[in-house]
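1. sequence and predicted structure, then a few things I'm wondering about:
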Amino acid sequence: ETGVTQTPRHLVMGMTNKKSLKCEQHLGHNAMYWYKQSAKKPLELMFVYNFKEQTENNSVPSRFSPECPNSSHLFLHLHTLQPEDSALYLCASSRKSGGTNTGELFFGEGSRLTVL
Amino acid sequence: GQQLNQSPQSMFIQEGEDVSMNCTSSSIFNTWLWYKQDPGEGPVLLIALYKAGELTSNGRLTAQFGITRKDSFLNISASIPSDVGIYFCAGQTGANSKLTFGKGITLSVRP
């Protein structure tokens, strides 16, 4: 139990579907992240939110749309995805220390996405 | 872009053995971190290193921040079956910079 909860754990969707991934952290952190994990590749940072404000969009296609309504919740809205978007999507949180985002991330268990 | 190199992709050891993993880069990093990912779980932070030359232990795990700031290693002593998983190194070049991750090393421990 890392204090970061992701739902759903598994999701299968067609290319025309719209779905959302949800992340909730109970650690009092103020930075939240979405990462994509594909087999045999390094973790890819997608989005960063600090105090609910998006501070990083790592050239992510617009078919992925993040939403951060407050410091504890983060969503990833999915629309017209491609089969190559199938991957494990990991949410993480961290605390800001003295104005700095530390590299000490707390990850959720991930949402395994399959796009048919 | 910056890359962290971890090899080999997979390691197989006998229970009770020690194992060492390296992480190298052509770029300088000011923070090095090691994460472990169990099957079906997200990565968990094992050790964070903030100073060149720093040697830090966490139980049977020991990690060092290379003096050149371009590498780090992780040692696991007296391995046990629950050490199985994927070990990632990660580096941060400066305050607020995003983490760069290696591809990970999958460790298998034979009982």
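-> Received the coordinates, thanks.

2. what count of nearby residues applies to A:His79?
-> Using other CB atoms under 10 Å in any protein chain shown, A:His79 has 15 other residues around it. For glycine as for every other residue, the C-beta is placed from the backbone atoms N, C-alpha and C.

3. if I look at the closest residue to it other than its chain neighbours, how far off is A:Ser65?
-> Nearest residue to A:His79 in three dimensions, chain neighbours excluded: A:Lys18, at 4.8 Å (CB to CB, 6 or more residues apart in numbering or on different chains). Distance from A:Lys18 to A:Ser65, counting by CB to CB, to the nearest Å: 10 Å.

4. which neighbours do those two share?
-> A:77-79 (CB atoms under 8 Å, 6 or more residues apart in numbering or on different chains).

5. more crowded one of A:Lys18 and A:Ser65?
-> Per other CB under 10 Å, whichever of A:Lys18 and A:Ser65 has more neighbours is A:Ser65, with 15 against 12.

6. list phi and psi for that one.
-> A:Ser65 has phi and psi values of phi -130, psi 110 when expressed as degrees, to the nearest 10.

7. what do you get for B:Gly94?
-> Taking degrees, to the nearest 10 as the convention, B:Gly94 sits at phi -160, psi 180.

8. which residue, other than its chain neighbours, is closest to B:Ile47?
-> Closest residue to B:Ile47 apart from its sequence neighbours, by CB to CB, 6+ apart: B:Ala63 at 4.3 Å.

9. need the contact partners of the helix or strand where the one you found lies.
-> According to DSSP states H and E, B:Ala63 maps onto strand B:61-65. When contacts are defined by CB under 8 Å, 6+ apart, strand B:61-65 is touched by residues B:32, B:34, B:46-47, B:49-57, B:72-77.

10. now, of those residues, which are buried?
-> For the contacts of strand B:61-65, a burial check counting by 16 or more other CB atoms under 10 Å in any protein chain shown picks out B:32, B:34, B:46-47, B:49, B:52, B:54, B:56, B:72-74, B:76.

11. tell me the one among those residues nearest to chain A.
-> For these, the residue nearest chain A by CB to the nearest CB is B:Trp32; the value is 8.6 Å.

12. return the list of helices and strands in contact with the helix or strand harbouring that closest one.
-> Following DSSP H and E, one finds B:Trp32 within strand B:31-37. In terms of contacts (3 or more CB pairs under 8 Å, 6 or more residues apart in numbering or on different chains; DSSP states H and E), strand B:31-37 is packed against strand B:43-49, strand B:61-65, strand B:71-76, strand B:85-92.

13. how deep is B:Gly33 tucked in, by neighbour count?
-> Not Gly; residue B:33 is Leu. Neighbours of B:Leu33 (other CB under 10 Å): 26.

14. next up, the contacts around residue 77.
-> Here I'm looking at chain A. Counted by CB under 8 Å, 6+ apart, A:His77 has contacts A:18-20, A:64-67.

15. to clarify, I was referring to chain B.
-> Applying CB under 8 Å, 6+ apart, the residues near B:Ser77 are B:18, B:60-62.

16. and for B:Ser7?
-> Counting by CB under 8 Å, 6+ apart, B:Ser7 makes contact with B:22, B:105.
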